[in-house]
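[1] Sharing a sequence plus its predicted fold:
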Amino acid sequence: MFDWFLSSTETGAPGLEKMRAAFGQMLDAGRHIFDTASNAFLGGTDLDVIRRDLFDTDKRINRAEQQIRRQIVVHASVHGATEFPSCLVLMSVVKDAERVGDYAKNIFDLAALSPHPPSGEDRNRLVELKDRISHMMASCREIYDSYDADGATALIREAQEAEDICDEQIHDLLGAQRDVDLPAAYVLAYRYFKRVISHTRNVASSVIQPIDKLDFPSKPPEGAATDE
């Protein structure tokens, strides 16, 4: 799908270039809002200081989504059925990018509602996972910029591993196999982290997946760059 974007400058289609720029801004803003909210939950951040920036960033993400939707309608109307597959894919991944902002707000709410930040080994695990997710989001932007099929394949694998970690921690916490002081908050944090991972993975998977497999990526075969 992103090769369609990359050809926009060569073909002189200003609408495509606007969508390309707006979507890139959504990815950057999504990473920023995720980092901001997660750092608030993990401690060391004044919630009142970051609150306005966080919600203003989410509004910018929403406006970008609306802008891209309008551009998609115009582009499809002008160029006809040949562009419909690309437009459908773009509509899907734009929603993925927008949902990251929603889950970031959920994480921020956890920070506001929790009596104190995570501590001990539980905090260490969450910090490690948060840093890994942030890195994946940065990689996703690079994949988007360069239409990197190999990078997309690697990111999908890493995302699925990170999702498994979230599931294991949730199972552990709900199974009461160890004592924790904020079990509900931790479960929700892992759940929200997993959803951010999933939406990031979906964006990257659009580089190599056909339309019907978006949101349902199977594990890429070893050594394969594409799924087609």
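    Looks like it arrived, so ask away.

[2] per-residue confidence for Y144?
    The score at Y144 is 87. That number is its pLDDT.

[3] could you say what helices and strands the helix or strand where it lies packs with?
    For Y144, the enclosing helix or strand under DSSP states H and E is helix 120-146. Applying 3 or more Cβ pairs under 8 Å, 6 or more residues apart in numbering; DSSP states H and E, we find helix 120-146 packed against helix 14-42, helix 149-174, helix 183-205. For the C-beta atoms, the positions are set from N, CA and C on the backbone; glycine is no exception.

[4] deepest of the ones you listed, which one?
    helix 183-205 (a mean of 23; mean count of other Cβ atoms under 10 Å).

[5] low-scoring stretches of the chain, by residue?
    Within the chain, the stretches with pLDDT under 70 are 1-15, 80-84, 176-179, 210-228.

[6] Mind naming the longest helix for it?
    helix 47-79 (DSSP state H).

[7] I'd like the next helix or strand past that one.
    helix 84-113.

[8] which strands and helices sit next to that next one?
    helix 14-42, helix 47-79, helix 183-205.

[9] For the last one, output the C-alpha coordinates as CSV.
    Coordinates of the C-alpha atoms in helix 183-205 are reproduced here as CSV (Å, rounded to 0.1, in the frame of the first residue of the first chain):
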residue,chain,number,x,y,z
PRO,A,183,-3.4,-5.9,40.2
ALA,A,184,-6.3,-4.3,38.4
ALA,A,185,-4.2,-1.3,37.3
TYR,A,186,-1.5,-3.7,36.0
VAL,A,187,-3.9,-5.9,34.1
LEU,A,188,-5.4,-2.8,32.4
ALA,A,189,-2.0,-1.4,31.6
TYR,A,190,-0.9,-4.6,29.9
ARG,A,191,-4.3,-4.7,28.1
TYR,A,192,-3.9,-1.1,26.8
PHE,A,193,-0.2,-1.8,25.9
LYS,A,194,-1.2,-4.8,23.9
ARG,A,195,-3.8,-2.8,22.0
VAL,A,196,-1.2,-0.1,21.1
ILE,A,197,1.1,-2.9,19.9
SER,A,198,-1.7,-4.4,17.8
HIS,A,199,-2.6,-1.2,16.1
THR,A,200,1.1,-0.5,15.4
ARG,A,201,1.5,-3.9,13.9
ASN,A,202,-1.6,-3.4,11.7
VAL,A,203,0.0,-0.2,10.3
ALA,A,204,3.2,-2.0,9.5
SER,A,205,1.4,-5.1,8.1
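
[10] relative to helix 84-113, how tilted is that helix?
    Orientation check (axes from the mean of the first three to the mean of the last three Cα atoms, to 10 degrees): helix 183-205 against helix 84-113 gives 160 degrees.

[11] Would you point out which residue is most central in the protein?
    T200 (3.2 Å; Cα atoms, centre = their mean).

[12] List the residues that contact that one.
    D96, V100, I133, M136, M137, C140, L155, A159 (Cβ atoms under 8 Å, 6 or more residues apart in numbering).

[13] quick one: it from E163, how far?
    10 Å (Cβ to Cβ, to the nearest Å).

[14] what does V207 give?
    19 Å.

[15] element containing G44, please.
    Assigned by DSSP H and E, G44 falls outside every helix and strand.
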